[in-house]
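[1] Structure for the following, please:
(4 chains)
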2 protein chains.
Amino acid sequence: MATLSDVARRAGVSPATASRVINGSSKPVTDELRERVLRAVAELQYVPNAHAQLLARSHRGAVGVIVHDVSDPYFSEITRGLQRVATDQGRLLMICNSYRDPDRELEYVELLRGQQVAAIILAGSGYHDPDFTTLLNGKLAAYEATGGRVAVIGRHEHSGDAVMPDNRGGARLLGQEICRLGHQRIGVVAGPRVLTTTSDRLTGLRETLAEHGRQLPEHLVRYADFDRDSGAEATAALLDTEPGLTAIAALNDSMAIGALSLLRSRSVAVPEQVSVFGFDDMPMARDVTPALTTIRLPLVEMGARAMALALDGGSAGPRVESLAAELVRRDSSGPPPD
Amino acid sequence: MATLSDVARRAGVSPATASRVINGSSKPVTDELRERVLRAVAELQYVPNAHAQLLARSHRGAVGVIVHDVSDPYFSEITRGLQRVATDQGRLLMICNSYRDPDRELEYVELLRGQQVAAIILAGSGYHDPDFTTLLNGKLAAYEATGGRVAVIGRHEHSGDAVMPDNRGGARLLGQEICRLGHQRIGVVAGPRVLTTTSDRLTGLRETLAEHGRQLPEHLVRYADFDRDSGAEATAALLDTEPGLTAIAALNDSMAIGALSLLRSRSVAVPEQVSVFGFDDMPMARDVTPALTTIRLPLVEMGARAMALALDGGSAGPRVESLAAELVRRDSSGPPPD
DNA sequence: CGAGATCAGGTAAGCGCTTTCCTAGGAGGA
DNA sequence: TCCTCCTAGGAAAGCGCTTACCTGATCTCG
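    Got it, this is the predicted structure:
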C-alpha cells in the first residue's frame, strides 16, 4: 500500500507538501509542485490511510448507530431517516445490529467509542432490566464525558436527548378504534415482555379498553417476538384458547401479518369474522390483503430527528421530542360479526 | 478520552505492560501488575482507540460491503448472509449504500480502501457502462495489488471471485411457466435498462418465449426502477397500451407487488384475468394476496458464499460460484382467461 | 541598498497504540 | 561464592498522517 511518503518521494517534495495538496490545505503551494504531487497520487493509486488521518487530526467524523436489526423494516425506515441527515452533513454512518441482545449492545457502545465516533444513536426499545440499564447508562455517560453525543430513539431509560414515538398514545388510538367498532372479545399479540415498547403499547391499550368497560385478561395476551412467524404462532394459540375472539391486536405490523397469514390458513375471514390490527405502519402494511389497519409511526422522521439532535451540538439540557402516532384505517378491520 | 498512558500512569506501570495485559499478550505479566492495570482500566472507563490500534498493528480486521440499498429486502437478505459469515469469523462489517449511483460506488471503494478493510464485497447488479467498469476495475485491481480481497455478487464485469445468481436461467424458468400456462399476450415490467441484472433476466425470458413461438415486442417491455411504485406505474402504462394482456412478468418482487396493487385498484382479478409473476422470492412475496408466483434466488446463501470466498484467502485463480434459481408457484398465476 | 515583511516549502513533533529489543534482577548450577 | 541463564518489565521505534513552527529566498519600502 502506497503511503504519503511514497507519494512525496516520487513527486520530489516533502510529505508536508504532499499532504497539503492532497487535502486542499489553505497553505499555498505552487502549481508546479501541486501538479507533480497529483501526478504521483494518480500513478501510485494512492489513498490516504483513514486511520492514520483520524489519529493525526483529532476530528471525529463518523456516527455510530445501534439498532436491533436493519433488515427489520421498522429499523430500515428509521435508518433511512438517520442516513439522510448524516449524509447531508457529510458524515459516515456505522450501523451495528444488536439483534436484541443487551450484551451485544454494550459491546457495540465500546466498539463505537473505540472508533472515535462523534455520536452514538441507539434505536429501538429499551429493556426492563435495571442492571443492564445501569451498565449501559454508565458506558454512555463515560462516552459523553469525553465529548461524545448520544441520542436515543424510543428508550426512556436514557436521560439525554431522545426521540420518543408515542407508543402509549398510539395504543390508545388503537383501543378507541377497537371499541368504536364494537369489539368485546379481544386478543393481543404482544412483543417480547422485556421490551419497554411492548409494555408501553400494552398499557395504552389496557387503559383505553378499561375506560370503555372492556377487560383484557392476561390469558388473552400472548407474548411473541415482534416477527412474522412468532406472530402467527401467538395468534394460533390465542384462537385455540378463545375461539370466540373478534379482534386481534398485534403490537407490530410484522406480527399482524403473521396473524393474517394464520387466519387465512384457517379460512377465517378478515375482517368479516375477525378484525386484525397492526402497529407501526411499515410500507408493507398496505400491500397485504386485506390491507392492514394500523397505527402509523413516523419512522423516517424519527430517525432524521434523532440524527439532528445528535449532531447539532445540543447546548441545552436533555431534549425530548415526542412524535405523535396516527390511526390508519384500512381493510383488515371492521365491526364484529353479529 | 483516557489513553493507554493514562492507564499506565495510574497503574504505575509502563504503557508496554498496560498494553500487554489489556490485549492478553502472550508475554507474561505478574498478577500484581495485571490487577493494577485492570483496575485502572475500569476506573478510567478506558477503551482503546481503534484507529491507533489499527495503525500500530497492521492487522486489517474489518470487511467492507457495498450494496445498492440495505433497506431493499433483496439486499437485506444478502447482507444477512454476509453478516453471518463475517460474524462467525469475528469480523466487523462496514456496510455502504450506493443507491445505484456508480460514482458513489467508486467513492466507497476508495473509502473502504482507506479504512484498510481486509476485503471488499460488491453486491448488486453491474452497469452497462464500459467507462465506469474500467474505472471500477482499475480501483479494485489497485486494491487487490496491495493484498486486499474482492468478491462480487451478481456482476460479471469483475474478473475475480464471484457469486452469480442464475438470472438468465431463472428467467428461462419463468418463461417456461408462462408458456406452460398458455399465455400469449405478455407484458414485462423490467428494471433499469442500465443494469446487467435487467438485461440478463430479459434475455432469458426472451429466449424462452421465442422458443415457444411467442413474441416480446419492445412496446410490451416497460423499464422501471426495481421498486414498488415504479412497478405500479409501469404496469399501468402497460395495461393502457395493451389492455388485452393476460400475464405480467415483473423482473423483481417489489415491482410485482406494485403491479398487484395497481391491478387491485383497477379491479382486475389476479390470477383470473391477469397472472402476475415476480422474481427473487423475497420474504414478503408469500404475504401479499394473492401470494406471488416468483423465481427464488438463494439470497442469504449468496451472501454467505461471497463472504466465504472473500475471507478464505483464495489461493487459486478466480472462482465463480453459480447459484441456481427455482420456480415457486403460488397464487398469482394461472391459465389465461378463455 | 539593507531591514523587515512575505511567502513557499521543509522539519519535526506528535496522535495512541504495539512490539522488538534491551536491562536488571533473581534463580540455579558448579 | 561466582557465573550463567532466564524472567518480567521498560525504553523506544515505529504505524501513516497532520500541522505548528522554522528557514531561506524574494520582495517591499524607506
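
[2] hey, let's count contacts and neighbours off CA atoms from now on
    OK.

[3] which residues in the stretch 51-200 of chain A form helices?
    Here the stretch 51-200 of chain A has its helices, by DSSP state H, counting those that start in this stretch, at A:73-88, A:102-114, A:130-145, A:167-181, A:196-211.

[4] To DNA strand D, which of these lies closest?
    helix A:102-114 (15.6 Å; C-alpha to the nearest atom of the strand).

[5] for that closest one, packing partners?
    Counting by 3 or more C-alpha pairs under 8 Å, 6 or more residues apart in numbering or on different chains; DSSP states H and E, the packing neighbours recorded for helix A:102-114 are strand A:63-67, helix A:130-145.

[6] Next, count neighbours for the spatially closest residue to A:His156 that is not a sequence neighbour.
    Using C-alpha to C-alpha, 6 or more residues apart in numbering or on different chains and skipping the chain neighbours, the partner closest in space to A:His156 is A:Gly126 (7.1 Å). By other C-alpha atoms under 10 Å in any protein chain shown, the residues close to A:Gly126 number 23.

[7] And A:Gly126, how far from A:Leu92?
    Shown here: A:Gly126 relative to A:Leu92, a distance of 25 Å by C-alpha to C-alpha, to the nearest Å.

[8] picking that back up, which pLDDT value goes with the residue nearest to A:His156?
    The model reports A:Gly126 with a pLDDT of 91.

[9] In this structure it contacts A:Ile153, no?
    No. With contacts counted by C-alpha atoms under 8 Å, A:Gly126 stays clear of A:Ile153, the gap being 9.3 Å.

[10] Pull the contacting residues for A:Ala269.
    A:Ala269 makes contact with A:Leu263 under the criterion C-alpha atoms under 8 Å, 6 or more residues apart in numbering or on different chains.

[11] Secondary structure class of it, three-state.
    Of the three states, A:Ala269 takes coil according to DSSP: H, G, I helix; E, B strand; the rest coil.

[12] For A:Ile120, which residues are in contact?
    A:Val63, A:Gly64, A:Val65, A:Ile66, A:Val109, A:Leu112, A:Gly148, A:Arg149, A:Val150, A:Ala151, A:Ala310.

[13] same deal with A:Arg39?
    Counting by C-alpha under 8 Å, 6+ apart, A:Arg39 makes contact with A:Ala11.

[14] Remind me which helix or strand it belongs to.
    Secondary structure assignment for A:Arg39, by DSSP states H and E: helix A:31-44.

[15] quick one: is that helix near DNA strand C?
    Yes. Contact of helix A:31-44 with DNA strand C (C-alpha under 7 Å from any atom of the strand) involves A:Glu32, A:Leu33.

[16] and what of stretch A:134-145?
    No. Stretch A:134-145 lies apart from DNA strand C when judged by C-alpha under 7 Å from any atom of the strand; the minimum separation is 13.8 Å.

[17] residues making contact with that stretch?
    Contact with stretch A:134-145 is made by A:Leu106, A:Val109, A:Glu110, A:Arg113, A:Arg149, A:Val150, A:His158, B:Gln45, as judged by C-alpha under 8 Å, 6+ apart.

[18] report the angle between the axes of the worst-scoring helix or strand of chain A on mean pLDDT and strand B:93-97?
    Across the helices and strands of chain A, the lowest-confidence element by mean pLDDT, DSSP states H and E is strand A:93-97, at a mean of 87. Going by axes from the mean of the first three to the mean of the last three C-alpha atoms, to 10 degrees, strand A:93-97 is angled at 120 degrees with respect to strand B:93-97.

[19] Can you list the strands that strand A:93-97 pairs with?
    According to DSSP bridges, strand A:93-97 forms sheet pairs with strand A:63-67 (parallel).

[20] Dump the strand it pairs with to PDB, keeping only the CA atoms.
    Output in PDB follows, covering the C-alpha atoms of strand A:63-67 (Å, rounded to 0.1, in the frame of the first residue of the first chain):
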ATOM      1  CA  VAL A  63     -21.500   8.500  13.700                       C
ATOM      2  CA  GLY A  64     -22.500   5.100  15.200                       C
ATOM      3  CA  VAL A  65     -25.900   3.700  15.100                       C
ATOM      4  CA  ILE A  66     -27.100   0.700  17.200                       C
ATOM      5  CA  VAL A  67     -30.300  -0.900  16.100                       C
END
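
[21] now that strand: how far from the chain's centre is it?
    Chain-centre distance of strand A:63-67: 9 Å, with C-alpha atoms, centre = their mean, to the nearest Å.

[22] hmm, who's touching it?
    Taking C-alpha under 8 Å, 6+ apart as the rule, strand A:63-67 contacts A:75, A:86, A:91-99, A:105, A:108, A:112, A:117-124.

[23] now the residue of the stretch 151-300 of chain A at minimum distance from chain B, which residues is it bridged with?
    Of all residues in the stretch 151-300 of chain A, A:Val288 sits closest to chain B, at 4.5 Å by C-alpha to the nearest C-alpha. Taking DSSP bridges as the rule, A:Val288 bridges to B:Val288.

[24] What count of nearby residues applies to it?
    23.

[25] from what I can see it touches A:Gly258, true?
    No. A:Val288 lies out of contact with A:Gly258 (C-alpha under 8 Å); the separation is 10.6 Å.

[26] which residues of the stretch 151-300 of chain A score low on pLDDT?
    Along the stretch 151-300 of chain A, the model assigns pLDDT under 70 to no residue.

[27] And the strands in it, which stretches?
    For the stretch 151-300 of chain A, the strands defined by DSSP state E, counting those that start in this stretch cover A:161-165, A:186-190, A:221-223, A:247-250, A:275-277, A:294-296.

[28] got a list of what the residue in the stretch 101-250 of chain A positioned nearest to DNA strand C touches?
    Using C-alpha to the nearest atom of the strand, A:Gly114 is the residue of the stretch 101-250 of chain A that sits closest to DNA strand C, at 8.0 Å. A:Gly114 makes contact with B:Val47, B:Pro48, B:Asn49, B:Ala50, B:His51, according to C-alpha under 8 Å, 6+ apart.

[29] burial measure for A:Asp101, as a count.
    For A:Asp101, using other C-alpha under 10 Å, the count is 11.

[30] How about the one 5 residues further on?
    A count of nearby residues for A:Leu106, using other C-alpha under 10 Å, gives 19.

[31] which residue packs closest to it, ignoring adjacent ones?
    Using C-alpha to C-alpha, 6+ apart, the closest residue to A:Leu106 is A:Leu136 (6.3 Å).
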